[in-house]
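Trainee: got a predicted model here, sequence first, then my questions.
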Amino acid sequence: MPERTLVALHGNFASSAWWADLLAAPPQGWRVLAPDLPGFAGTAHEGEVAIAAYANWLEGWLTAQGVTRPVLLGHSLGGAVVLEAAARRPDAYAGLVLAASAPLTGLVTPEENYPVLDLLRGNAGLREMSLGALFPSRRPDNFATLLDHAGQMAPSHYSGNARALAAWSVEPGRLAGLPVLVLGGELDALVTPELVRAQAAALATDATVLPGVGHGFPQEDPATFRALLEKFLNTLS
């Protein structure tokens with residue numbers, strides 16, 4: 001059987017380095033591709049900061065890579081991007097994996113939090129504290145790299161990505177028939193277990209909430225995440 005493709009998209013303040021474990025040891029029979037979205041980890045960005053714009057970029061990138069019918073894996077903001085892409089052309093994808101994904105109804109950041117987002121641009125200590133809070137059980141081995149990449153995000157993205165997530169939503173009916181794996185972390189204060197379960201229910205599937213881990217559960221407990229991922233991938237035709 002020919003090798004199949006899993007495309008992994010990172011979230012906000014993040015980069016492809018979040019998928020280091022998966023890239024180092026792909027599921028058997030699969031190759032893993034993990035691009036940096038525009039404006040993340042020092043990559044170039046032009047135009048609007050919007051989920052639709054990121055999905056446009058993803059579609060173009062997949063075409064340039066010659067990738068057909070991949071499984072899309074999205075974490076946090078990356079989940080919104082893969083949901084947007086899949087809702088446009090569900091037949092173009094073999095399945096979706098949503099890891100602490102932004103809810104289908106978008107994710108609203110309270111207005112009082114926006115000044116803090118802008119402070120993160122110039123305050124390395126605040127960035128370390130904020131990023132570290134995403135890994136309540138343990139920091140991943142490459143945390144220093146993740147922290148460096150968080151500080152290389154485009155200035156437009158600090159408040160811009162929060163605005164983009166608040167303005168975005170997707171109709172779950174547009175994803176009907178597409179196999180979906182919905183995962184979350186028990187200690188995730190950003191995309192809570194309640195939000196994860198509501199997302200799964202809207203997509204007519206079950207949620208799996210991993211105990212004792214937070215928003216960064218794929219990095220906190222890569223073995224459990226990989227086992228769940230492989231089990232799902234093995235169900236796909």
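Mentor: All right, it came through fine.
Trainee: and the nearest residue to A99 once chain neighbours are set aside, how far from G216?
Mentor: Leaving aside its chain neighbours, A99 sits nearest to H75 (4.5 Å; criterion: C-beta to C-beta, 6 or more residues apart in numbering). Just so you know, the C-beta spots here come from the backbone N, C-alpha and C atoms, and that holds for glycine as well. Separation of H75 from G216 (C-beta to C-beta, to the nearest Å) stands at 8 Å.
Trainee: please apply the same query to P172.
Mentor: The spacing between P172 and G216, counted by C-beta to C-beta, is 26 Å.
Trainee: over to L6?
Mentor: According to C-beta to C-beta, L6 stands 19 Å off from G216.
Trainee: which of the helices or strands spans the nearest residue to P27 once chain neighbours are set aside?
Mentor: Closest residue to P27 apart from its sequence neighbours, by C-beta to C-beta, 6+ apart: E230 at 4.8 Å. Using DSSP states H and E, E230 maps to helix 222-233.
Trainee: what residue is smack in the middle of the protein?
Mentor: Most central in the chain under C-alpha atoms, centre = their mean is H75, positioned 1.8 Å from the mean C-alpha point.
Trainee: what's the mean pLDDT across stretch 73-91?
Mentor: Stretch 73-91 comes out with an average pLDDT of 98.
Trainee: tell me where the chain is predicted with low confidence.
Mentor: The model of the chain has pLDDT under 70 over residues 1-2.
Trainee: ok, now with 90
Mentor: 1-3, 46-47, 113, 115-122, 237 (pLDDT under 90).
Trainee: picking that back up, the residue nearest to P27 and G29 touch, don't they?
Mentor: No - the criterion here is C-beta atoms under 8 Å, and E230 misses it with G29 at 9.6 Å.
Trainee: packing partners for the helix or strand hosting R127?
Mentor: Secondary structure assignment for R127, by DSSP H and E: helix 124-132. Secondary-structure packing of helix 124-132 (3 or more C-beta pairs under 8 Å, 6 or more residues apart in numbering; DSSP states H and E): helix 143-150.
Trainee: just the CA atoms of the helix it packs on, as CSV, please.
Mentor: Below are the C-alpha coordinates for helix 143-150, written out as CSV (Å, rounded to 0.1, in the frame of the first residue of the first chain):
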residue,chain,number,x,y,z
PHE,A,143,10.4,23.9,25.1
ALA,A,144,13.2,26.4,24.5
THR,A,145,12.7,26.1,20.7
LEU,A,146,8.9,26.5,21.1
LEU,A,147,9.6,29.6,23.2
ASP,A,148,11.9,31.1,20.6
HIS,A,149,9.4,30.5,17.8
ALA,A,150,6.6,32.1,19.8
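Trainee: how about residues contacting that helix?
Mentor: For helix 143-150, the external contacting residues (C-beta atoms under 8 Å, 6 or more residues apart in numbering) are 13-15, 17-18, 20, 40-42, 124, 127-128, 131-132, 135, 140.
Trainee: same thing but at 6 Å, please
Mentor: Applying C-beta atoms under 6 Å, 6 or more residues apart in numbering, the contact partners of helix 143-150 are 13, 15, 17, 41, 127-128, 131.
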